[in-house]
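# sequence and predicted structure, then a few things I'm wondering about:
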Protein chains: 2
Amino acid sequence: MEQYPIEITSVHNPRVKAAARLRDRRHREKQGQILIDGARELLRALEGEVKVLEVYFCPALGDRPASRDALAAAVAQGAQIIHVTEAVFDRLAFGQRAEGVVAVAEMPLRKLADVSLSANPLVAVLEGVEKPGNLGAVVRSADAAGVDAVIAADPITDLYNPNAIRASLGAVFAVPICADTAAAVLDWLRQRRMNIVAARVDGSLLYTDVDYRLPAAIVLGSEAEGLSDLWHGPDVTPVRLPMLGKVDSLNVSAAAAVIFYEARRQRGIRRS
Amino acid sequence: MEQYPIEITSVHNPRVKAAARLRDRRHREKQGQILIDGARELLRALEGEVKVLEVYFCPALGDRPASRDALAAAVAQGAQIIHVTEAVFDRLAFGQRAEGVVAVAEMPLRKLADVSLSANPLVAVLEGVEKPGNLGAVVRSADAAGVDAVIAADPITDLYNPNAIRASLGAVFAVPICADTAAAVLDWLRQRRMNIVAARVDGSLLYTDVDYRLPAAIVLGSEAEGLSDLWHGPDVTPVRLPMLGKVDSLNVSAAAAVIFYEARRQRGIRRS
């Protein structure tokens, strides 16, 4: 903020309009740009070496330390800071007032082949994920549990939907994430000789009865559809979470967290 | 559906208007009635001996087996079935088209003193929960993990917010739930000599390092505020989930699921 930020006071400003259009997936994909709401999320993006182009900041919404840190980090990495009025901010933020911070960044484009794994990796695969909030919540839990990467197989949502970013608290910029077809993902796991553990309501083993201490992939399907038949091979171990009550499934993000943390427990929480 | 259902075709019908008002908490509390969206959720309510008064069904939205089962069960328990047009249904359902089923029921009123526990209970306490979706998700996981009861301490949301019902898939009618002040809840736990395990980001023990095999209460705070000071007593064991990445907390429903299932694992999944 030591440089002189430019100021925009009109909701009709073309730059504001272009940024606001990035709420729409079509425009994100066409422009190769994304919107990041919130100071914490922006910091995660900057730490994750995402190229942040411009940051819209509304001073009228308060001057929080988190916002100041995020703006300073953005300036240091060459982003332009644009001060805006509340009316302009509302046009950009679609009610997500967050910390008065919305940023435009280049969409990170990571391919399966670019995902680098640790020596003894634990990865998560999410097939057919539709709700951005579920994707974000799974990535948040994956980050917390020390999962190496989250791979979206045949996703329906795009990875950088603003709600996915938000639900992840910005963890989508910390944990390597990428998307590919389910067939390509399965090939990739097989080439790396991962133990493939697929959560299914009809899994023959309890999720606690498999060994996650070797390279492992935890595969979860969408709540509506479950996993596709692709995950029925002899090298895929189907596991279930016990369902002791009336409901017949957990929310996918709850199931993911339970299995990630079971894997972490088996691997030794303190070792990491 | 063997009786003759009445039919309503006007969105101005006073009965429809009265039912629609139940989307509003103030009206729910004034009328002592709730709205239940969805066939599965309605079935859970009927199984849970909730008094269902009337069921609005929109045949134009399709005739699914789940809806038919729910309507038959509602009729068997004395509820009135009302057929409505799509326009009327939309007025009632606020876009939650679900299975073309919205029911009005008496609000279950359970007090702490009414909660009956198993011989070796596991209960969940949720302090200051604000988002209905979080409450519902926690109750869904509690049901799945075989938790005896979910107690809301000083909740900000009401327990039977339609979004809580929906996020729980109706488990709010299967798992005993009730609300009271945090002080009353703590007293109740102490009187029952429960091991009180409180999840805090600064917990001194890992959540895997406590014993959940005796009567235990798992206490979780809101994401915004954490737990109040009330849970700092010498008889409260603070535990943390390991956070191995960049984010500093799990979503409350993910944290709840992880701890519930760790307790279940320790207690022996197959015994239940």
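That came through, no problem.
# for the rest of this, base every contact and every neighbour count on C-alpha atoms.
OK.
# count of neighbours near the closest residue to A:Ala263 other than its chain neighbours?
Distances taken as C-alpha to C-alpha, 6 or more residues apart in numbering or on different chains put A:Tyr212 closest to A:Ala263, at 5.2 Å, once the chain neighbours are dropped. Neighbour count for A:Tyr212, taken as other C-alpha atoms under 10 Å in any protein chain shown: 24.
# list the residues that contact A:Tyr212.
By C-alpha atoms under 8 Å, 6 or more residues apart in numbering or on different chains, the contact set of A:Tyr212 is A:122, A:195, A:263, A:266-267.
# in ChimeraX, how would I select the buried members of those?
In ChimeraX, this line selects whichever of the contacts of A:Tyr212 come out buried by 16 or more other C-alpha atoms under 10 Å in any protein chain shown:
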select /A:122,195,263,267
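# looking at the contacts of A:Tyr212, spot the one nearest B:Thr157.
Distance to B:Thr157 across these (C-alpha to C-alpha) is lowest for A:Ala263, with 33.9 Å.
# buried residues in the lengthiest helix in chain A, which are they?
Of all the segments of type helix in chain A, defined by DSSP state H, the longest one is helix A:252-267. Applying a neighbour-count criterion of 16+ other C-alpha under 10 Å, the buried positions in helix A:252-267 are A:252-265, A:267.
# how much space separates the residue nearest the centre of chain A from chain B?
Geometric centre of chain A, nearest residue: A:Val172, 3.1 Å, by C-alpha atoms, centre = their mean. Per C-alpha to the nearest C-alpha, to the nearest Å, A:Val172 is found 10 Å from chain B.
# contacting residues for that residue?
A:136, A:139-140, A:160, A:164-165.
# which strand or helix spans the residue lying closest to A:Val104 once chain neighbours are set aside?
Nearest residue to A:Val104, sequence neighbours excluded (C-alpha to C-alpha, 6+ apart): A:Leu35, at 4.9 Å. Taking DSSP states H and E as the definition, one finds A:Leu35 inside strand A:33-37.
# quick one: strands adjacent to that strand?
strand A:101-106 (antiparallel) (DSSP bridges).
# retrieve the pLDDT associated with A:Gly95.
A:Gly95 carries a pLDDT value of 69.
# hmm, back to that, after the strand holding A:Leu35, next one along is what?
Heading C-terminal from strand A:33-37 (DSSP H and E), you reach helix A:39-47.
# quick one: distance of that next one to the chain centre.
13 Å (C-alpha atoms, centre = their mean, to the nearest Å).
# can you check stretch A:121-138 too?
For stretch A:121-138, the distance to the chain centre is 8 Å (C-alpha atoms, centre = their mean).
# can you check stretch A:119-138 too?
Worked out by C-alpha atoms, centre = their mean, stretch A:119-138 lies 8 Å from the chain centre.
# for chain B, what are the nearby residues on the stretch 51-200 of chain A?
Contact residues (C-alpha under 8 Å from any C-alpha of the partner chain) of the stretch 51-200 of chain A with chain B: A:137, A:140-141, A:143-146, A:169-171, A:174.
# I'd like to know how far A:Arg91 sits from chain B.
For A:Arg91, the distance to chain B - C-alpha to the nearest C-alpha - is 25 Å.
# same check on A:Asn161?
Taken as C-alpha to the nearest C-alpha, the span from A:Asn161 to chain B is 19 Å.
# any idea how far the closest residue to that residue other than its chain neighbours lies from B:Asp180?
In this structure, A:Asn161 finds its nearest non-sequential neighbour in A:Pro132, 6.3 Å apart by C-alpha to C-alpha, 6+ apart. According to C-alpha to C-alpha, to the nearest Å, A:Pro132 stands 34 Å off from B:Asp180.
# reformat the contacts of A:Tyr212 as CSV; add pLDDT.
Shown next, in CSV, are those (pLDDT from 0 to 100):
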residue, pLDDT
A:Leu122, 97
A:Asn195, 97
A:Ala263, 98
A:Gln266, 96
A:Arg267, 95
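# related to what we said a few turns ago, looking at the residues of the stretch 51-200 of chain A next to chain B, which has the most residues close by?
A:Arg140 (32 neighbours).
# that one touches B:Val247, doesn't it?
Yes. At 7.0 Å, A:Arg140 and B:Val247 qualify as touching, with contact defined as C-alpha atoms under 8 Å.
# which residues are in contact with each of the two?
A:169-171.
# in helices, which of those fall?
Those of these lying in helices (DSSP H): none at all.
# now pLDDT too, for these, in TSV please.
TSV is the format used below for the shared contacts of A:Arg140 and B:Val247 (pLDDT from 0 to 100):
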residue	pLDDT
A:Leu169	95
A:Gly170	96
A:Ala171	98
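# so which of those residues is the closest to B:Val150?
Closest to B:Val150, out of all of the shared contacts of A:Arg140 and B:Val247 and judged by C-alpha to C-alpha, is A:Leu169, at 26.8 Å.
# dihedrals phi and psi, that closest one?
Phi and psi for A:Leu169, reported as degrees, to the nearest 10, are phi 60, psi 30.
# which pLDDT value goes with the closest residue to A:Asn195 other than its chain neighbours?
Distances taken as C-alpha to C-alpha, 6+ apart place A:Ala216 nearest to A:Asn195, at 4.4 Å, with adjacent residues excluded. A:Ala216 carries a pLDDT value of 98.
# can you pull the contacts of A:Ala216?
By C-alpha under 8 Å, 6+ apart, the neighbours of A:Ala216 are A:121-123, A:194-197.
# if we use 7 Å, what do you get?
A:121-123, A:194-196 (C-alpha atoms under 7 Å, 6 or more residues apart in numbering or on different chains).
# same check on A:Pro238?
A:197-200, A:203-205.
# what about those, which are in strands?
Counted as lying in strands by DSSP state E, out of the contacts of A:Pro238, are A:197-199, A:205.
# ranges for the helices of the stretch 1-150 of chain A?
Applying DSSP state H, counting those that start in this stretch to the stretch 1-150 of chain A gives helices spanning A:14-20, A:25-31, A:39-47, A:65-76, A:86-93, A:132-145.
# which secondary structure elements does the first one contact?
Spelled out, that is helix A:14-20. Judged by 3 or more C-alpha pairs under 7 Å, 6 or more residues apart in numbering or on different chains; DSSP states H and E, helix A:14-20 is in contact with helix A:86-93.
# with the third one instead?
Packing contacts for helix A:39-47, counted by 3+ C-alpha pairs under 7 Å, 6+ apart, involve helix A:65-76.
# contacts for stretch A:130-143?
By C-alpha under 7 Å, 6+ apart, the surrounding residues in contact with stretch A:130-143 are A:129, A:150, A:155-157, A:161, A:163-165, A:167-169, A:171-172, A:175, A:253, A:256-257, A:260, B:244-247, B:250.
# same thing with stretch A:89-109?
A:11, A:16, A:19-20, A:32-39, A:50-58, A:61, A:67.
# now do stretch A:176-193: distance to the chain's middle.
For stretch A:176-193 - counting by C-alpha atoms, centre = their mean - the centre lies 17 Å from the chain centre.
# that should have said stretch A:155-172, apologies.
For stretch A:155-172, the distance to the chain centre is 4 Å (C-alpha atoms, centre = their mean).
# in that stretch, what counts as buried?
A:155, A:157-172.
# where do the strands sit along the stretch 151-272 of chain A?
A:177-180, A:195-199, A:205-206, A:216-220, A:236-240 (DSSP state E, counting those that start in this stretch).
# relative to helix A:252-267, how tilted is the last one?
What it means is strand A:236-240. For strand A:236-240 against helix A:252-267, the angle between stretch directions is 110 degrees (axes from the mean of the first three to the mean of the last three C-alpha atoms, to 10 degrees).
# how far off strand A:216-220 does strand A:236-240 point, in degrees?
For strand A:236-240 against strand A:216-220, the angle between stretch directions is 60 degrees (the same axes, to 10 degrees).
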